Each structure stands twice: as structure tokens, then as C-alpha cells.
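Undergrad: next one to model:
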Amino acid sequence: MKNKKRSRLLEIWHQLKKNKLAVVALIVLVLLFLVAVAAPLLAPYLYSTQNAKLSNAGPSAEHLLGNDKLGRDILSRLIYGSRQSLSMGVAAVAIAATLGIALGAVSGYFGGWVDGLSMRLLDIYQAIPMFLLCVALAAIMGPSLTNAIIALGIGTVPGFARIMRASVLTVREKEFVEAARAINAGNGRIIMKHIVPNAIGPLIVQITMGVGSCILAGSALSFIGLGVQPPIPEWGALISDARSVMREHPTHALYPGICVMISVLACNLLGDGLRDALDPRLKN
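TA: This is a model prediction of the structure:
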């Protein structure tokens, strides 16, 4: 079984390597996560260090990207901000995927009134725009990184649940599931040991792209004051801080905006590559 899984992963990697953009996106994402992990080592200054004499100063040998209105080093704040932005994307998707997989697996496996009730609740759920729901939840719980992650996670559950349900509807009729029922395996064991591992493949693409979507939505929450709170840096919060000086110093908002764009674009390109690698019709 382990050899089969290993060969399957190698096959996916072989297909993914054919997509040069996806490989570049993967490298960019790995570098971004390494920067986030090693932020204290890479940042030339602490993100909170202020110097009033350097307020809105331009780039220099000591401050490569200049200083913000409080004299804080912009490069250091971008590096530290990657921690908050990336953690929001990954943690929110982890919550959404966990809840969506559970709901989609149960709904698809049992069918009947369980499936009907679950899908109608999701229809109501999706009638509310995702970002508006996240804003409402974040406002109710209060502005903070943790609450923003929870709001984003809850707000993006329906997409994961529907994809998981569609995959389970196909897998539940397979021979190995019938064999598990024949030996009187419990429903819980069948779902956890047989259904979910074999139905989770299509969710890999959704998870990858979901990280990018949550990074973007998390930055938007921080921009309007419902995400990460000052003085902790986050890319969306950095753009918000730069609003008052955007006309005179547009690069203060441009730098974090580029970081958001690169991370979201990398997630989307990698998701496209994984979708092609996982599609058996595109193999040659």
C-alpha cells in the first residue's frame, strides 16, 4: 500500500513538472513560507522599531524599501507581515477543509434526508456573499487574528463540502466500500478509512486555491480593521496604514499589495498545475 501511494505521488509530481508555471509557483510559495518562518533572522529591524527622524524616508542603504510614517522599516514589516498573512490563509483553509470534508462525507455517504437537509442548508449559506459573511462574523467576534481566521474558515466551508460530497457519491459505490459493508464494518470506519482517503483527491486543488483566496480575504479584513491589529504588521493592514500618505508615497501601499498579488497568483497557478496533474485525461 505504501509503495502504491509513493508511486502515485511520484506520478503526480512527474505530471506537475511538465507545467513550468506551476513549478515556479511552488518555488515562490516555498520561499514565502521560509521567509515567514525565518522572519526574525531575515528582517534587518524589529517591526515595531520607530525613528521619528526617518518618517516617510525613501530607500537607503540602511532601509532598502524606506520607512513608513512612523519611521519603521518597511522591509522588516513586510517580512514579519508574511507570517500573519500566510497563517491566515493556511489556518482558515484548514478549518474550512476539516468542516467541509466532514459535512460532505456524511452527506454524500448517507444520502436521503441527510443529504437533502445538508444541501439545502448550504444553499442558504451560499446565498450570503462569502466576504460579507466573514465581515459580519469578524465584527461580532471582535477584531483579531484568531477571530479573522475563524470567520474566514467558517465562511469558506460550502465550497469544500460540495466538492467532497460530489467525490463521495462516486466513491461510495466502489467495490472496496461494498466489501467493507460485507464484513459489517461500521459507518464511521467506512467513512474514515475508505471513503475520505479515496475521495479527497479533488479537494487538493480547492485547498491550494483556497489558501490564496483566504490570504486575499484576510488582507481585506485587516484593511478595514477587522483582522490583525496594530502594531502587528500584516500585508492588508500595511496597505491600510499607507492610505493617509498614498498620494505622496504610493510605494508604501504598493509593496504590500505586490506581496498579496504574488502569493495569491502563486496559489492559483499551483492549483491549476495540480488540477492538470490529477486529471487522468491529460496524462501521456
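
Undergrad: just the helices in the chain please.
TA: Assigned by DSSP state H, the helices in the chain fall at 2-17, 20-37, 39-42, 74-110, 112-126, 130-141, 145-155, 157-171, 175-182, 187-189, 196-199, 201-223, 235-241, 251-278.

Undergrad: if you compare those helices, which one is most tucked away?
TA: Among the helices of the chain, ranked by average contacts under mean count of other CB atoms under 10 Å, first place goes to helix 235-241 (a mean of 25). (Each C-beta comes from the backbone N, C-alpha and C, glycine too.)

Undergrad: quick check: mean pLDDT of it?
TA: Helix 235-241 carries an average pLDDT of 93.

Undergrad: quick one: list the elements packing against that helix.
TA: helix 74-110, helix 201-223, helix 251-278 (3 or more CB pairs under 8 Å, 6 or more residues apart in numbering; DSSP states H and E).

Undergrad: least confident secondary structure element in this structure?
TA: helix 2-17 (a mean of 70; mean pLDDT, DSSP states H and E).

Undergrad: residues in contact with the most centrally placed residue in the chain?
TA: Residue closest to the average C-alpha location in the chain (CA atoms, centre = their mean): residue 211, at 1.5 Å. Residue 211 makes contacts with 89, 90, 93, 267, as judged by CB atoms under 8 Å, 6 or more residues apart in numbering.

Undergrad: from those residues, pick the one nearest residue 224.
TA: Lowest distance from residue 224 to the contacts of residue 211 (CB to CB) belongs to residue 89, with 17.6 Å.

Undergrad: which residue, neighbours along the chain excluded, lies closest to the closest one?
TA: residue 215 (3.8 Å; CB to CB, 6 or more residues apart in numbering).

Undergrad: and the one you found, what does it touch?
TA: For residue 215, the contact set (CB under 8 Å, 6+ apart) comprises 85, 86, 88, 89, 260, 263, 264, 267.

Undergrad: low-confidence ranges, this structure, go.
TA: Low-confidence segments of the chain (pLDDT under 70): 1-8, 279-284.

Undergrad: how near is the residue nearest to the centre of the chain to residue 31?
TA: 15 Å (CB to CB, to the nearest Å).

Undergrad: no further questions, thank you.
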